[in-house]
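Asker: Build me a structure from this.
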Amino acid sequence: MAEIAPTPAAFDVEVETLIIGAGACGLVAALAAHEAGQEVLMIEADPLPQGSTALSAGLIPAAGTA
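Answerer: Numbers count the residues shown, from 1 in each chain. A predicted model of the protein is given here:
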């Protein structure tokens with residue numbers, strides 16, 4: 001996966017939908033908003049889009065899967 005270059009500390013942008021965090025939930029929310037026709041901007045604190053999903057070894061626990 002390519003590393004995304006850091007953005008300036010301050011910027012002036014207007015978008016219809018802002019997603020904070022590029023973990024599993026943020027990525028799904030951004031995809032859903034985009035598919036609904038929204039202009040989407042996603043911001044992530046980490047250098048790679050992974051969010052807290054990376055803390056669980058990339059596994060997504062779900063009910064009834066134990």
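Asker: where are the low-confidence patches of this structure?
Answerer: Scanning the chain for pLDDT under 70 picks out the ranges 1-2, 7-8, 58, 66.
Asker: would you list every one of the strands in the chain?
Answerer: Counting by DSSP state E, one finds strands in the chain at the ranges 17-20, 40-43.
Asker: what about these, which gets the closest to Gly64?
Answerer: Closest approach to Gly64 among those is made by strand 17-20 (28.6 Å; CB to CB). (Each C-beta comes from the backbone N, C-alpha and C, glycine too.)
Asker: who does the closest one touch, helix- and strand-wise?
Answerer: helix 24-35, strand 40-43 (3 or more CB pairs under 8 Å, 6 or more residues apart in numbering; DSSP states H and E).
Asker: Strand partners (parallel or antiparallel) of the shortest one?
Answerer: It refers to strand 40-43. As defined by DSSP bridges, the strand partners of strand 40-43 come to strand 17-20 (parallel).
Asker: quick one: the partner strand to chain centroid distance?
Answerer: 8 Å (CA atoms, centre = their mean, to the nearest Å).
Asker: which stretch among the helices and strands packed on strand 17-20 comes nearest Glu14?
Answerer: Nearest of the helices and strands packed on strand 17-20 to Glu14, taken as CB to CB: strand 40-43 at 9.2 Å.
Asker: can you list contacts of that closest one?
Answerer: Residues from elsewhere that reach strand 40-43 (CB atoms under 8 Å, 6 or more residues apart in numbering): 7, 13, 15-22, 26-27, 30, 33-34, 49.
Asker: Can I get the buried part of those residues as one ChimeraX selection?
Answerer: What follows is the ChimeraX syntax for the buried subset of the contacts of strand 40-43, where burial is set by 16 or more other CB atoms under 10 Å:
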select :19,21,22,26,27,30,33,49
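Asker: still on that earlier bit, could the strands of the chain go into TSV alongside distance to Ala62?
Answerer: Compiled in TSV, the strands of the chain are given as follows (distance: least, CB to CB, whole Å):
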stretch	distance to Ala62
strand 17-20	22
strand 40-43	24
